[in-house]
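Enquirer: here are the coordinates; sequence isn't available:
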């Protein structure tokens with residue numbers, strides 16, 4: 001992770017889950033992540049091709065110039081990028097893995113900005129993981145972001161990571177744990193199972209790289 005926003009959200013999520021595959025939706029306290037909340041979103045899985053925005057931060061809506069609530073996340077992508085994100089979502093919701101995406105968004109007048117996005121599993125009170133907690137934030141600090149609408153976007157790099165094997169940043173982890181201790185997790189349910197651009201032209205080579213750390217490295 002390159003951006004502080006994605007780091008902060010991961011640290012908070014990691015502390016909130018307390019060793020489980022995912023924290024409960026009811027355990028996520030918006031006030032505890034208020035510094036990054038403008039770029040945070042929650043998706044609800046309705047099918048493998050449909051992940052609807054339940055909510056999206058004002059910063060994210062301002063960057064794209066639209067209200068995301070109710071929209072299908074995957075509709076923002078095309079071709080191989082959409083297919084790769086579908087696979088990433090399955091890793092997140094079925095296996096409790098973390099997806100980190102670096103992507104480029106482009107305006108109609110060919111201005112481009114690089115973004116970093118994180119996707120994290122989030123459980124319902126019955127333990128089923130059908131929601132995704134995420135954040136997307138521009139890495140580039142261009143003054144025109146938010147003034148010009150993005151017309152297309154494509155993935156530059158996508159990583160699937162096992163949270164149990166990710167390096168821990170001790171100060172950040174302790175800070176996240178302190179926040180969680182101040183508002184203890186709800187114990188009404190226990191997560192015990194995970195069962196339940198400019199897009200590249202068709203004539204161009206795809207620049208997508210899919211990296212899965214748990215089982216080796218895979219490139220597309």
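Expert: Happy to help now that I have it. Just so you know, these numbers come straight off a predicted model, no measurement behind them.

Enquirer: going forward, measure contacts between C-alpha atoms and count neighbours the same way
Expert: Fine.

Enquirer: thought residue 119 was touching residue 93?
Expert: No - using CA atoms under 8 Å, residue 119 is not in contact with residue 93, being 9.8 Å away.

Enquirer: what is in contact with those two at once?
Expert: residue 132 (CA atoms under 8 Å, 6 or more residues apart in numbering).

Enquirer: quick check: phi and psi at residue 135.
Expert: Residue 135 adopts backbone torsions of phi -150, psi 140, taken as degrees, to the nearest 10.

Enquirer: ok, it to residue 158 distance?
Expert: Using CA to CA, to the nearest Å, residue 135 is found at 14 Å from residue 158.

Enquirer: same check, this time on residue 36
Expert: Residue 36 sits 22 Å away from residue 158, going by CA to CA.

Enquirer: of those two, which one has the most company?
Expert: The neighbour comparison of residue 36 against residue 158 (other CA atoms under 10 Å) goes to residue 158, with 24 against 21.

Enquirer: now that one: closest residue in space that isn't a chain neighbour?
Expert: Nearest residue to residue 158 in three dimensions, chain neighbours excluded: residue 101, at 4.5 Å (CA to CA, 6 or more residues apart in numbering).

Enquirer: for the one you found, list the residues it contacts.
Expert: Contacts of residue 101 (CA under 8 Å, 6+ apart): 116, 117, 118, 155, 156, 157, 158, 159.

Enquirer: which helix runs longest in the protein?
Expert: As assigned by DSSP state H, the longest helix anywhere in the chain is helix 79-95.
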